[in-house]
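Trainee: Sequence plus the predicted model coming up.
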Amino acid sequence: MNNMQQSLKPVLTNSLPPGEYRERLTDLFFEKFRSKFDTKRLLDLAVVRYDENFSDQEIKGLLEFYQTPLGRKVVTVLPKLSGELQQDGRQMGQQLGRESMVEVLSEHPDIAQELREASRRAAQPNP
């Protein structure tokens with residue numbers, strides 16, 4: 001939940017028109033969202049998914065594994081690791097996106113010019 005909020009908060013904030021209200025609105029939104037989040041319902045959904053993907057014997061093997069020192073470590077480290085990998089992937093994607101856009105615009109000056117003109121038109125106030 002914390003990882004989701006951390007990754008979605010900037011997206012939600014930036015999707016709103018500028019103003020001092022945005023930070024408060026996004027904080028209140030996540031507060032409301034957390035109050036509605038039902039852990040039992042999520043666990044019920046997880047049971048269905050585990051049942052679809054694992055046999056009873058495999059579930060028993062997982063339970064045994066999670067009782068080992070390595071299994072307990074996996075439970076504590078994996079959520080943090082997954083969040084870090086998502087963040088790394090997002091940063092890599094952003095960097096590659098910037099590089100790709102710069103290269104495309106430098107290889108196609110006609111498109112770069114159209115983009116500049118469109119940006120200029122969008123920045124002009126409507127009469």
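Mentor: Cool, the structure landed.
Trainee: Tell me which helix or strand comes right after the helix or strand of the chain with the lowest mean pLDDT.
Mentor: Least confident element among the helices and strands of the chain, by mean pLDDT, DSSP states H and E: helix 2-15 (a mean of 84). Note on helix 2-15: by DSSP states H and E, the next helix or strand toward the C-terminus is helix 21-36.
Trainee: What mean pLDDT does that next one get?
Mentor: For helix 21-36, the mean pLDDT works out to 91.
Trainee: Pull the least confident helix or strand of the chain out as PDB, backbone CA atoms only.
Mentor: Extracted C-alpha coordinates of helix 2-15, given in PDB (Å, rounded to 0.1, in the frame of the first residue of the first chain):
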ATOM      1  CA  ASN A   2       2.800   2.400   0.900                       C
ATOM      2  CA  ASN A   3       4.600   1.700  -2.400                       C
ATOM      3  CA  MET A   4       1.400   2.200  -4.400                       C
ATOM      4  CA  GLN A   5       0.800   5.500  -2.600                       C
ATOM      5  CA  GLN A   6       4.300   6.600  -3.100                       C
ATOM      6  CA  SER A   7       4.300   5.900  -6.900                       C
ATOM      7  CA  LEU A   8       0.700   7.200  -7.500                       C
ATOM      8  CA  LYS A   9       0.800  10.400  -5.500                       C
ATOM      9  CA  PRO A  10       3.000  12.400  -7.900                       C
ATOM     10  CA  VAL A  11       0.900  11.100 -10.800                       C
ATOM     11  CA  LEU A  12      -2.300  12.100  -9.200                       C
ATOM     12  CA  THR A  13      -1.000  15.500  -8.000                       C
ATOM     13  CA  ASN A  14       0.400  16.400 -11.400                       C
ATOM     14  CA  SER A  15      -2.800  15.400 -13.200                       C
END
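Trainee: Next, the angle from the longest helix along the chain to helix 2-15.
Mentor: The longest helix of the chain (DSSP state H) is helix 69-107. Relative orientation of helix 69-107 versus helix 2-15 (axes from the mean of the first three to the mean of the last three CA atoms, to 10 degrees): 20 degrees.
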